[in-house]
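**Q** have a look; sequence and predicted model below, questions after that.
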Amino acid sequence: MKFFVDTADVAAIAELNELGMVDGVTTNPSIIMKSGRDILEVTKEICSIVSGPVSAEVVATKAEDMIAEGRKLAEIAENIAVKVPLTWDGLKTCKVLSSEGRMVNVTLCFSANQALLAAKAGATFISPFIGRLDDINLDGMELISDIRQIYDNYDFQTQILAASIRTVNHVRECALVGADVMTAPPSVIKAMANHVLTDKGLEQFMADWAKTGQKIL
Ligand code: G3P
């Protein structure tokens with residue numbers, strides 16, 4: 001499973017990238033707002049660090065304007081994936097931009113039928129939002145699983161990019177049901193290294209080592 005980082009925090013991206021944990025980056029208007037930076041400037045900086053797909057989202061709502069914005073965002077770097085919302089105009093934009101050979105990430109997906117439409121429109125990535133479905137007492141992971149089965153049934157090449165990931169358990173379950181990619185905030189990716197038994201075991205080893213009076217260096 002590929003790891004994308006869901007942030008525009010350049011320092012956090014660079015840190016994870018050095019460890020080989022970054023196969024791509026996703027942003028959205030809220031993430032850009034949180035960064036406090038200019039979208040073109042910060043996206044360009046991210047693309048200079050990460051060679052995998054970097055999603056940058058359009059903000060227009062009419063297809064004609066979305067297409068123009070998408071083309072402008074795609075000029076930032078070769079590895080831009082233009083992100084469009086799963087609306088009818090977004091699907092039209094997806095079809096046009098993917099036909100031009102650009103990567104397109106169709107976002108704000110909350111149903112298997114929406115994912116089917118995105119695949120038909122030539123999306124490179126479909127982004128189902130797990131956490132936001134869980135928030136309203138629906139099963140986000142069931143959606144990932146349904147899309148996996150539908151795409152496999154018909155051999156669609158659109159990659160399932162599990163998004164709105166809030167917990168380490170979301171990551172594990174996405175890997176189990178076969179999401180192609182997961183995108184998570186840096187804090188979730190780092191939290192995957194934590195285990196209470198690792199901490200406890202290390203504490204014991206340190207205590208026993210101190211009793212030996214030895215040094216390695
Ligand atoms: O990748 C989509 C993500 O940014 C949305 O996450 O936690 O706001 O639902 P969240």
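**A** Nice, thanks for sending it over.
**Q** the ligand contacts on the chain?
**A** Within the chain, the positions near the ligand by CB under 6 Å from any ligand atom are Asp6, Thr26, Asn28, Phe129, Gly131, Arg132, Ala163, Ser164, Arg166, Thr183. The C-beta positions use only the backbone N, C-alpha and C, and glycine is treated the same way.
**Q** rerun that using 5 Å as the cut-off
**A** The chain has residues Asp6, Gly131, Arg132, Ala163, Ser164 near the ligand, with proximity defined as CB under 5 Å from any ligand atom.
**Q** now, of the residues you listed, which are buried?
**A** Those of the residues of the chain next to the ligand that meet the buried threshold are Asp6, Ala163, Ser164, by 16 or more other CB atoms under 10 Å.
**Q** and Glu45, how far from the ligand?
**A** Distance of Glu45 to the ligand, computed by CB to the nearest ligand atom, to the nearest Å: 19 Å.
**Q** wait, that residue touches Ala11, no?
**A** No - the pair Glu45 and Ala11 does not pass the contact test of CB atoms under 8 Å, sitting 10.6 Å apart.
**Q** hmm, back to that, which among the buried ones among the residues of the chain next to the ligand gets closest to Asn79?
**A** Asp6 (16.4 Å; CB to CB).
**Q** which non-adjacent residue is nearest that closest one?
**A** Thr183 (4.4 Å; CB to CB, 6 or more residues apart in numbering).
**Q** from the contact counts, what lies against the helix or strand hosting the one you found?
**A** Thr183 belongs to strand 181-184 when assigned by DSSP states H and E. Helices and strands touching strand 181-184, by 3 or more CB pairs under 8 Å, 6 or more residues apart in numbering; DSSP states H and E, are strand 2-6, strand 24-26, strand 159-162, helix 168-177.
**Q** how far off centre is that strand?
**A** 4 Å (CA atoms, centre = their mean, to the nearest Å).
**Q** mean confidence score for it?
**A** Strand 181-184 shows an average pLDDT of 98 in the prediction.
**Q** show me the strands paired with it, marking each as parallel or antiparallel.
**A** In the sheet, strand 181-184 lines up against strand 2-6 (parallel), strand 159-162 (parallel) (DSSP bridges).
**Q** out of these, deepest packed?
**A** strand 159-162 (a mean of 26; mean count of other CB atoms under 10 Å).
**Q** contact partners of that strand?
**A** Here strand 159-162 makes contact (CB atoms under 8 Å, 6 or more residues apart in numbering) with 4, 26, 105, 115, 124-128, 130, 144, 147-148, 151, 170, 174, 178-183.
**Q** using CSV, list the CA coordinates for it.
**A** Only the C-alpha atoms of strand 159-162 are listed here, as CSV (Å, rounded to 0.1, in the frame of the first residue of the first chain):
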residue,chain,number,x,y,z
GLN,A,159,-6.6,3.5,-7.6
ILE,A,160,-8.5,3.5,-4.3
LEU,A,161,-7.0,6.3,-2.2
ALA,A,162,-8.5,5.9,1.3
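**Q** this completes my enquiry, with thanks.
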